[in-house]
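>>> Predicted coordinates and the sequence they were generated for:
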Amino acid sequence: EPEVTQTPSHQVTQMGQEVILRCVPISNHLYFYWYRQILGQKVEFLVSFYNNEISEKSEIFDDQFSVERPDGSNFTLKIRSTKLEDSAMYFCASTPTLLGGYTFGSGTRLTVV
Amino acid sequence: AQKVTQAQTEISVVEKEDVTLDCVYETRDTTYYLFWYKQPPSGELVFLIRRNSFDEQNEISGRYSWNFQKSTSSFNFTITASQVVDSAVYFCALSEAQDYGGATNKLIFGTGTLLAVQP
């Protein structure tokens, strides 16, 4: 069964550093998402991406965040200058159509020290 | 505004007991989707079910069943004869996207219910 692949599974970074979280969505999917889950809390929507542009972003997704689909297969989330409160699990997801079923990746656990 | 409430923070049961996880949602739309996900200790999100708002039939899949009641805006999840492997956090989620030409179908998650099944 096709999968959404996220790398790395765990990343530790120093406060103030830039991090890039990588995702490879399912190849024929057209809609892409990032979600965040702070430890012990609920999963929160960050951003959706379609047709090479952001279609919606939450208030969490401030100027420190950006997304890109650089080569038609990868979908990346960049955090420019990490803060301690960015420590969380980040999930990538994709869907084939707007109302198609979601497939989530297994997540990247980001730890900011 | 969209909202999903899972009032049960933690539930502890003994193996073979039946357990029901509650989910209440709020939405202004008549067309929406409801989901349940399982998050085991390893952290990934495991899809369990998606139900659209026009389909109020209850669903059964093995030991799992779901009761969707629009009159009470609830989408409850029952595990029959629970097992230790069912121990996880369970999330209910809602999406309101309609195929009107929009380009986002975000999920709104509840806060989750931690289910602990004791042997």
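Ah, there it is.
>>> okay, CA-based contacts and neighbour counts for the rest of this
Noted.
>>> What parts of chain B come near chain A?
B:43-45, B:97-99, B:102-112 (Cα under 8 Å from any Cα of the partner chain).
>>> Among those residues, which lie within strands?
B:108-109 (DSSP state E).
>>> could you pull out the strands for chain A?
A:5-7, A:10-13, A:19-24, A:31-37, A:43-50, A:53-57, A:65-68, A:75-79, A:88-95, A:103-104, A:108-112.
>>> do you know which of those lies nearest B:Asn52?
When the strands of chain A are compared by Cα to Cα, strand A:88-95 sits nearest B:Asn52, at 16.2 Å.
>>> Okay, angle between that closest one and strand A:108-112 too, please.
150 degrees (axes from the mean of the first three to the mean of the last three Cα atoms, to 10 degrees).
>>> Give the pairing partners of strand A:88-95; include direction for each.
According to DSSP bridges, strand A:88-95 has the following sheet partners: strand A:31-37 (antiparallel), strand A:103-104 (antiparallel), strand A:108-112 (antiparallel).
>>> what sits against residue 19?
Because you didn't say which chain, this covers chain A. Neighbouring residues of A:Val19 by Cα atoms under 8 Å, 6 or more residues apart in numbering or on different chains: A:13, A:78-82.
>>> look at chain B instead
B:Val19 touches B:13, B:78-80, B:82, counting by Cα under 8 Å, 6+ apart.
>>> Which pair of the residues you listed spans the longest distance?
B:Val13 and B:Thr78 (12.7 Å).
>>> Report the two of the contacts of A:Val19 separated the most.
It's A:Thr13 and A:Lys78 that sit farthest apart of the contacts of A:Val19, by Cα to Cα, at 12.8 Å.
>>> list the helices and strands the helix or strand of chain B with the lowest mean pLDDT packs on?
Here the helix or strand of chain B ranked lowest by mean pLDDT, DSSP states H and E is strand B:59-61, holding a mean of 91. Identification of packing neighbours for strand B:59-61 by 3 or more Cα pairs under 8 Å, 6 or more residues apart in numbering or on different chains; DSSP states H and E yields strand B:64-69.
>>> B:Thr78 touches B:Trp36, doesn't it?
No - look at B:Thr78 against B:Trp36 with Cα atoms under 8 Å: they stay out of range, at 11.3 Å.
>>> Looking at these two, which is more packed in?
B:Trp36 (24 against 17; other Cα atoms under 10 Å in any protein chain shown).
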